[in-house]
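Undergrad: Got a predicted structure here, sequence first:
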Amino acid sequence: MTLSPAQPITELLDAETVQSIADEVWPSLVGDGEAFVPVPVPPPADVVSAWVDIVGPWTGSVVLTCAPATAEALTESVLMTRPPTVVDDEDVADALGELANVLGGNIKSVLPGESKLGLPQIGAAPPRGRLDDVRSLVGQWRGNFLTITVQGAAPAPHAERNEVPL
């Protein structure tokens with residue numbers, strides 16, 4: 001007996017819902033009057049990502065990706081610091097991780113079934129799974145490239161078939 005794959009995120013979540021969640025999260029975490037705007041700008045050459053994993057009937061990650069300079073500016077807003085305060089790598093990891101965590105928690109809450117949220121991580125984005133299992137909002141914050149991506153987990157190495165013994 002072969003198990004059928006889980007429904008892809010594109011059937012479970014529309015772009016409007018992701019934007020609505022970002023519209024709620026941004027002012028509360030980043031600051032009043034701040035917004036993620038779904039108007040694409042060219043991606044930078046160098047990016048950093050923060051993400052949380054969701055494990056349940058649908059398994060994947062909620063990933064926030066931006067340029068390192070944008071990550072630092074977001075950190076300053078989230079931590080409510082004022083220049084010339086210098087934010088370090090730990091501050092950036094905490095602030096981006098918190099944004100990914102809150103976005104992920106809100107997205108988890110609209111998915112069917114019971115799911116668990118992993119701890120925030122930062123670095124190169126996790127690999128994507130199936131092409132039809134990605135819901136991505138490409139946009140900007142203060143004119144700088146930023147994406148919010150909800151992506152299915154990549155299959156484990158050598159896990160080409162999911163079979164249950166009879």
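TA: Okay, I see it. Numbers count the residues shown, from 1 in each chain.
Undergrad: Which element, helix or strand, includes Leu74?
TA: helix 68-78 (DSSP states H and E).
Undergrad: Against which helices or strands is that helix packed?
TA: Packing contacts for helix 68-78, counted by 3 or more CB pairs under 8 Å, 6 or more residues apart in numbering; DSSP states H and E, involve helix 89-110, strand 144-152. The C-beta positions use only the backbone N, C-alpha and C, and glycine is treated the same way.
Undergrad: Next, the angle from that helix to helix 89-110.
TA: Orientation check (axes from the mean of the first three to the mean of the last three CA atoms, to 10 degrees): helix 68-78 against helix 89-110 gives 80 degrees.
Undergrad: quick one on the thing from earlier: of all the helices and strands packed on helix 68-78, which lies closest to Pro126?
TA: strand 144-152 (7.7 Å; CB to CB).
Undergrad: in its sheet, what does the closest one sit against?
TA: Strand 144-152 has these partner strands in its sheet, going by DSSP bridges: strand 60-66 (antiparallel), strand 134-141 (antiparallel).
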